[in-house]
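In: give me a model of this one.
(one chain, ligands or ions: 2)
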Amino acid sequence: MIVAERKPMAEIIEMVKDCSRVLVLACRGCVTVCSAGGEREAAALASLIRLGMKKQGKTIQIIEGSLVRQCDKEYIDAIDAWNGQYDAIVSTACGVGVNFIANLRKDTMVYPALNTSFFGGSAEQGVWTEQCAGCGNCVLHLTGGLCPVARCAKSLMNGPCGGSVGGRCEINKNTECIWQSIHDRLGSFDRQSQMETIAPIRDWSTAGHGGPRKTVRTDLTIS
Ligand code: SF4
Ligand code: SF4
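Out: Numbering: from 1, shown residues only. Ligands and ions are numbered 1, 2, ... in the order given. Presented below is the predicted three-dimensional model:
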């Protein structure tokens, strides 16, 4: 899932300080699962915005709404239910949702309530960790299912750097060196020799470095 967390309230209040009517719009997708932007978090945010504005001696009218997802055109259309009732939307979706509203509602100002962080999973209650960087050219079949792109601080592709000590990363001693973990995991399958194959210079154009990416499935498109 996409993992995100709420921006500091001072930043959000600064965004809406000149608004008199705001739609706080929750997303019932990934950000609900990571407890950052679902209906419960959006309701709490609405209260905090009212309080923050009151502290500045201002009043603000807030309506609360939610969409099934904000990253899907067919669900964005449901925003029309609140037409004429707000000056701006504060979206608790990830950055994808905010972009989608901006793309599809040219006359609507939309503000992000969250900082979108990474693709990850829930490691334990209340803890999410990054697992994939969406590089567009997956190598997990070569690395025992552990991602060197997202989980090595330097995205190294041919084993650990010289700073790997005791299974810890030199960038952050609280983080495992994923290359040590890849080595150990391949070893448990008697496949350590896989690490002797030098990975070719990587073409990063399939990652974000090649510009915005697009996937087209002609078997699904309606022309
Ligand atoms: S190699 Fe690329 S696609 Fe595969 S998990 Fe890592 S970042 Fe994601
Ligand atoms: S110590 Fe390991 S995880 Fe950290 S940057 Fe070096 S190779 Fe990558």
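In: contacts for stretch 102-112, please.
Out: With contact meaning Cβ atoms under 8 Å, 6 or more residues apart in numbering, stretch 102-112 is reached by 7, 12, 15-16, 73, 76, 79, 87-91, 95, 98, 101. No exception for glycine: its C-beta is placed from N, CA and C like everyone else's.
In: oh, that last question was meant for stretch 184-192, not what I typed.
Out: So stretch 184-192 is contacted by Thr143, Gly144, Gly145, Leu146, His183, Gln194, Met195 (Cβ under 8 Å, 6+ apart).
In: just give me the closest of those residues to Trp128.
Out: Nearest to Trp128 among the contacts of stretch 184-192, counting by Cβ to Cβ, is Leu146 at 17.0 Å.
In: with adjacent residues omitted, what lies nearest to that closest one?
Out: Excluding the flanking residues, the one nearest Leu146 by Cβ to Cβ, 6 or more residues apart in numbering is Ile182, at 5.0 Å.
In: that neighbour: how many residues sit nearby?
Out: 25 (other Cβ atoms under 10 Å).
In: and it, which of the three is it?
Out: Under DSSP: H, G, I helix; E, B strand; the rest coil, Ile182 falls in the helix class.
In: report pLDDT for it.
Out: Ile182 carries a pLDDT value of 98.
In: surely it meets Glu176?
Out: No - here Ile182 lies out of contact with Glu176, judged by Cβ atoms under 8 Å, at a distance of 10.1 Å.
In: hmm, the lengthiest strand in the chain in reach of ligand 1?
Out: For the chain, the strand reaching the highest residue count under DSSP state E is reported as strand 114-124. No - Strand 114-124 does not reach ligand 1 (Cβ under 6 Å from any ligand atom); its nearest approach is 7.2 Å.
In: note down every partner strand of that strand and its orientation.
Out: Paired neighbours of strand 114-124 in the sheet (DSSP bridges): strand 2-6 (antiparallel), strand 127-132 (antiparallel).
In: okay, buried residues for it please.
Out: Leu114, Thr116, Ser117, Phe118, Gly120 (16 or more other Cβ atoms under 10 Å).
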